[in-house]
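Visitor: prediction below, plus the sequence it came from.
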Amino acid sequence: MASEQDVRARLQRAGQEHLLRFCAELAPGPRAALLAELARLEPEALREHCRRAALACARSPGRPPGLAERLRPLPPARVGSAIRGDPEALRLWEEEGFRQIALNKVAVLLLAGGQGTRLGVTYPKGMYRVGLPSQKSLYQLQAERIRRVQQLAGERRGTRCTVPWYIMTSEFTLQPTTDFFREHDFFHLDPDNVIMFEQRMLPAVTFDGKAILERKDKVAMAPDGNGGLYRALADHHILEDMERRGVEFVHVYCVDNILVRLADPVFIGFCVLRGADCGAKVVEKAYPEEPVGVVCEVDGVPQVVEYSEISPETARLRDADGGLLYNAGNICNHFFTRTFLQAVTREFEPLLKPHVAVKKVPYVDEEGNLVKPLKPNGIKMEKFVFDVFQFAENFVAFEVLREDEFSPLKNADSANKDNPTTARRALLTQHYRWALQAGAHFLDAHGARLPEMLSLPGSEEPPAICEISPLVSYSGEGLEVYLRGQEFQSPLILDENWVQALRP
Ligand SMILES: CC(=O)N[C@H]1[C@@H](OP(=O)(O)O)O[C@H](CO)[C@@H](O)[C@@H]1O
């Protein structure tokens, strides 16, 4: 165990000795825990971190000056589309994606280190249940989509294949996520193919560059942002693990989008056939203030400008057709080749600039009282996963339909959007649509046919409740055999048992 003297000397070097202010009065247990936490902080890195935080904050957080003049929309040549593309191209992309999956060359990587503060839960977001009839959690939906895409790829190519699932957690989420997966028997995935690893944590810092104590025995730490991915990949030798497994292409996504298509063959195939080293799925932005980053160019280089960093005036700009000029909304679904990730971890990661978030950080004052600040008092520094786009040699964006692929769970139901209700509705509306397209009809309690509405405003519940297990259909395929020309009472829960029972 690190001695107090050692730790004090290290903190002195970092200019952060105040973190030991209450050390002498702590009981042995908490004291040891504090010393252990502080011993993990490398003095030079800590000094630099605190200095940069204070500096960045002094330079006005939020919008980088002069950004508007440097922005341009992505050139059309870099953008593919699942909506506007011709069906034959779509088929070829999908075919290629399935081919790569069947060759075991595709992995998915989940960014799940966040704390779910806006959602207001104390457990990892992936464990959240939005209230589907099946009561499935986000993690379960994702696990089942992996199983289904493996099965589809395998059937097409007559093989068995694996899409390994890498899950980046943080100090907050690792243990509960591991426990949850164990309790659910890894949702019938092979535990060897579910690889969890932890991102680093960084201290929150005051405006004058002092790391914050959240308790007498604990530094206020926060995950280093979803761009902490690249250090975490190196820390835990994840790219080596991918190489051993023969993985060449990685689909990176964040945990909160209930419609996420893991290892989406169309997206993978598009990126591979375009020879891209890096790609991003986008949807058309719904309105100028929507809290999504925009994929665009800054000084001619592909980048994402985050919603917190674009000015309202720029976000409102329109093009000649009246649409938003910056309309490529980032849905946090990225494609990377393993080779590109290798270059990032080896060369580019240190060049990524941290972003500054000014937050309310609970702390202990000089007298040792716990204070919950009413206004922001601290700085959290985060790297963003998409900041590596600038280093790509061949970056592409791929446009998909929002109603098919994007409904993020960000807030509690007290907010009016991106909440459990909107996420549940988005999924059930999609499944209702798939069922109609496959030829199903729905009946009310008296046996009368319910109206059939293929397009519904996002604010309306579908006329019938229909939930389709991802184990039965990944993106609406294969449903006709069960549904064509048949009538069902709502709710219809189409899961693997239902399908099993229908088999001769
Ligand atoms: C750093 C980062 O990845 N930010 C992403 C991410 O935002 P959060 O508010 O951090 O969840 O997800 C959004 C989509 O849900 C995307 O538009 C945005 O650019």
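Guide: Done, it's in. Note that the coordinates shown come from a computational prediction; the quantities given were computed from them, not determined experimentally.

Visitor: remind me which residues of the protein are low pLDDT?
Guide: Residues of the chain that meet the criterion pLDDT under 70 lie in 60-63, 504.

Visitor: up against the ligand, what does it have?
Guide: Selection of the chain residues close to the ligand by Cβ under 6 Å from any ligand atom yields 226, 254, 291-293, 304, 306, 330-332, 384-386, 408. C-betas here are computed from N, CA, C, even on glycine.

Visitor: name the single longest helix found in this protein.
Guide: Looking across the chain with DSSP state H, the single longest helix is helix 138-157.

Visitor: next secondary structure after that one?
Guide: Note on helix 138-157: by DSSP states H and E, the next helix or strand toward the C-terminus is strand 165-169.

Visitor: packing partners for that following strand?
Guide: strand 106-111, helix 138-157, helix 174-183, strand 194-198 (3 or more Cβ pairs under 8 Å, 6 or more residues apart in numbering; DSSP states H and E).

Visitor: send me it as PDB with only the CA atoms.
Guide: What follows is strand 165-169, C-alpha atoms only, in PDB (Å, rounded to 0.1, in the frame of the first residue of the first chain):
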ATOM      1  CA  TRP A 165     -19.200  -8.000 -28.100                       C
ATOM      2  CA  TYR A 166     -16.700  -5.600 -26.500                       C
ATOM      3  CA  ILE A 167     -18.200  -3.500 -23.800                       C
ATOM      4  CA  MET A 168     -16.400  -0.400 -22.400                       C
ATOM      5  CA  THR A 169     -17.500   0.300 -18.900                       C
END
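
Visitor: which strands border it, and is each parallel or antiparallel?
Guide: If you go by DSSP bridges, strand 165-169 pairs up with strand 106-111 (parallel), strand 194-198 (parallel).

Visitor: okay, the helices and strands packed on strand 165-169, which one's buried deepest?
Guide: Highest mean neighbour count among these (mean count of other Cβ atoms under 10 Å): strand 106-111, with a mean of 26.

Visitor: closest one to Arg145 among the strands paired with strand 165-169?
Guide: The minimum distance between Arg145 and the strands paired with strand 165-169 falls on strand 106-111, with 9.0 Å, by Cβ to Cβ.

Visitor: residues contacting that closest one, please?
Guide: 97, 100, 126, 142, 146, 163-168, 226, 229, 242, 245, 247-255, 262-263, 268, 332, 385 (Cβ atoms under 8 Å, 6 or more residues apart in numbering).

Visitor: which members of the residues you listed are positioned in helices?
Guide: Among these, the members falling in helices (DSSP H) are Gly97, Gln100, Gln142, Ile146, Leu229, Met242, Arg245, Ile268.

Visitor: would you list the residues of the chain next to the ligand in a markdown table and tack on neighbour count?
Guide: A markdown table is the format used below for the residues of the chain next to the ligand (neighbours: other Cβ atoms under 10 Å):
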| residue | neighbour count |
| --- | --- |
| Asn226 | 21 |
| Cys254 | 20 |
| Pro291 | 14 |
| Val292 | 20 |
| Gly293 | 24 |
| Val304 | 27 |
| Glu306 | 17 |
| Asn330 | 25 |
| Ile331 | 24 |
| Cys332 | 23 |
| Phe384 | 23 |
| Val385 | 25 |
| Phe386 | 22 |
| Pro408 | 22 |
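
Visitor: now, these that are in strands?
Guide: Among those, the residues falling in strands (DSSP state E) are Cys254, Val304, Asn330, Ile331, Cys332.

Visitor: among these, which two are most distant?
Guide: Maximum pairwise distance in these, criterion Cβ to Cβ, is 12.8 Å, between Cys254 and Val304.

Visitor: shared neighbours, these two?
Guide: By Cβ under 8 Å, 6+ apart, Cys254 and Val304 have no common neighbours.

Visitor: picking up where we left off before, so which of the strands paired with strand 165-169 is nearest Gly15?
Guide: Closest approach to Gly15 among these is made by strand 194-198 (27.1 Å; Cβ to Cβ).

Visitor: that closest one: how far from the chain's middle?
Guide: For strand 194-198, the separation from the chain centroid amounts to 15 Å (computed by Cα atoms, centre = their mean, to the nearest Å).

Visitor: that'll do, ta.
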